[in-house]
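Dropping a prediction and its sequence here:
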Amino acid sequence: MLIKRICFAIAALSIMLSAGCGFKLQGNYSIPEQLQTLHLSSQDEYSELTRLVRERLRLHSIALVESSDDTPTLRIVHDSLDRSTLSLYPTGNVAEYELTYHVTFAVRLPQGESQRFDIDIHRDYLDDPRTALAKSREMELLLKEMRNQAADRMIQTLASIEIN
């Protein structure tokens, strides 16, 4: 009985210590100092992706300013969602799609050339015509998740840019 209590206490203590240590797997990227102030531009300034990127830049303490020759620019060139058929039901209806969310963006440094980057995010999507309403909601959630992942990857790419 005493051994069980000791084992339980050790397990509880180790869980509390690991939960309280502040360890984080993702999200804390070291953005180069030259990119701590930048201009964000997009074809659609009010798109969901632009909003998510702007939010993540602010979370990483990056100041967003108006465009000038001395300011680096992050430009969202294009984003699109493509859908291709993966499988069919015996009746010939589509059973499964592959969704591909493609984002092209560029980073231009002052007195430098623009560097272009592409992000592709893939998801499989089962399509059952009997649950059309639920499937449209699922599609919205998948697209939202894919946009979030694209915004995170854009920040990761900014952190990985080598500035001479």
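Done, it's in. Numbers count the residues shown, from 1 in each chain.

where along this structure do the strands fall?
With DSSP state E as the criterion, the chain has strands at 37-42, 63-64, 73-88, 94-108, 114-126.

Just put those strands in CSV and tack on mean neighbour count and mean pLDDT.
Using the backbone N, CA and C atoms, a C-beta is placed for each residue, glycine as well. Converted to CSV, those look like this (neighbours: other Cβ atoms under 10 Å; pLDDT from 0 to 100):
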stretch, mean neighbour count, mean pLDDT
strand 37-42, 17, 94
strand 63-64, 12, 94
strand 73-88, 14, 94
strand 94-108, 17, 94
strand 114-126, 14, 94
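
which one of the ones you listed lies closest to residue 141?
Closest approach to residue 141 among those (Cβ to Cβ): strand 114-126, 10.4 Å.

Let me know the angle separating the closest one from strand 73-88.
30 degrees (axes from the mean of the first three to the mean of the last three Cα atoms, to 10 degrees).

any idea of the angle strand 114-126 forms with strand 94-108?
Going by the same axes, to 10 degrees, strand 114-126 makes 160 degrees with strand 94-108.

Give me the contact list for strand 114-126.
For strand 114-126, the surrounding residues in contact (Cβ atoms under 8 Å, 6 or more residues apart in numbering) are 75, 77, 83, 86, 95-109, 138-139, 142, 145-146, 149-150, 153-154, 157, 161.

cool, and stretch 87-98?
Applying Cβ under 8 Å, 6+ apart, the contact partners of stretch 87-98 are 83-86, 122-129.

Please identify which pair of those residues lies farthest apart.
Within the contacts of stretch 87-98, 122 and 129 form the most distant pair, 23.0 Å apart (Cβ to Cβ).

max-length helix in this protein?
helix 132-160 (DSSP state H).

What is that helix packed up against?
Using 3 or more Cβ pairs under 8 Å, 6 or more residues apart in numbering; DSSP states H and E, the elements in contact with helix 132-160 are helix 48-59, strand 73-88, strand 94-108, strand 114-126.

Include distance to residue 10 when you put the ones you listed into a markdown table, please.
A markdown table is the format used below for the helices and strands packed on helix 132-160 (distance: least, Cβ to Cβ, whole Å):
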| stretch | distance to residue 10 |
| --- | --- |
| helix 48-59 | 37 |
| strand 73-88 | 48 |
| strand 94-108 | 46 |
| strand 114-126 | 41 |
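
Among those, which comes closest to residue 2?
Nearest of the helices and strands packed on helix 132-160 (Cβ to Cβ): helix 48-59, 48.4 Å.

Buried ones in the closest one, by neighbour count?
Residues of helix 48-59 classed as buried: 49-50, 52-54, 56-57 (neighbour count, 16 or more other Cβ atoms under 10 Å).
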